[in-house]
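Novice: dropping the sequence and predicted coords here.
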Amino acid sequence: MNGKKLSLKADVIVGIGDLSKITGVSARQLRYWEEKGYIQAVPSKKNTTRKYKFEMSYKVQAIKRYLDEGYTLAKSVEQAEKLRQKFEIWKKFIMEKVEKVEITDAEKEYGVIDLGCFDENQQKKVYGVVDENGCYFETRVKPDTDE
């Protein structure tokens with residue numbers, strides 16, 4: 001291997017049959033959605049099986065979810081795109097603001113997420129807590145780091 005990290009999202013390719021199985025959307029529907037420009041196959045030679053990046057499965061599942069909720073196909077595609085955009089905003093925030101995640105109980109999947117300081121003096125930190133009481137925010141005075 002050349003040392004390049006593979007990305008499930010960007011590098012894994014699945015055939016139309018596999019995409020259909022993964023998402024529960026028929027191959028016929030997938031071909032129709034592609035004709036309409038709602039999803040895109042990986043460019044390939046003529047008369048070969050359609051192939052898709054694995055990440056397309058997220059879009060297909062989102063479209064199906066909105067169709068199941070009663071939206072039209074066009075509105076489902078629009079809602080799926082809004083969902084993707086919201087996720088990207090969420091991801092940017094998390095990648096920039098999460099300083100540390102501490103596992104407090106691995107078996108129960110409890111932990112504390114350090115979201116950093118929020119005051120002008122950089123003395124108070126906000127934490128996201130997941131424990132037996134649910135999910136909530138907590139503020140704490142920043143611990144001394146001069147030890």
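Specialist: Arrived safely. Numbers count the residues shown, from 1 in each chain.

Novice: for the rest of this, base every contact and every neighbour count on C-alpha atoms.
Specialist: OK.

Novice: show me what contacts Q79?
Specialist: Q79 makes contacts with 63, 66, as judged by CA atoms under 8 Å, 6 or more residues apart in numbering.

Novice: how about the secondary structure of it?
Specialist: Following DSSP: H, G, I helix; E, B strand; the rest coil, the label given to Q79 is helix.

Novice: now I63: phi and psi?
Specialist: Main-chain torsions, I63, degrees, to the nearest 10: phi -60, psi -50.

Novice: who touches stretch 46-65?
Specialist: Contacts of stretch 46-65 (CA under 8 Å, 6+ apart): 8-16, 19, 22-23, 25, 39-42, 44, 73, 76-77, 79-81, 83-84.

Novice: T104 versus the residue nearest the centre of the chain, what's the distance?
Specialist: Centroid check for the chain by CA atoms, centre = their mean gives F87 as the closest residue, at 6.0 Å. For F87, the distance to T104 equals 26 Å [CA to CA, to the nearest Å].

Novice: D68 now?
Specialist: Separation of D68 from T104 (CA to CA) stands at 38 Å.

Novice: again, but for G24
Specialist: From G24 over to T104 (counting by CA to CA), the distance is 37 Å.

Novice: same check on D11?
Specialist: In terms of CA to CA, D11 sits 34 Å off from T104.

Novice: what of I63?
Specialist: The gap separating I63 from T104 is 37 Å, by CA to CA.

Novice: those two: who's more crowded?
Specialist: I63 (27 against 14; other CA atoms under 10 Å).
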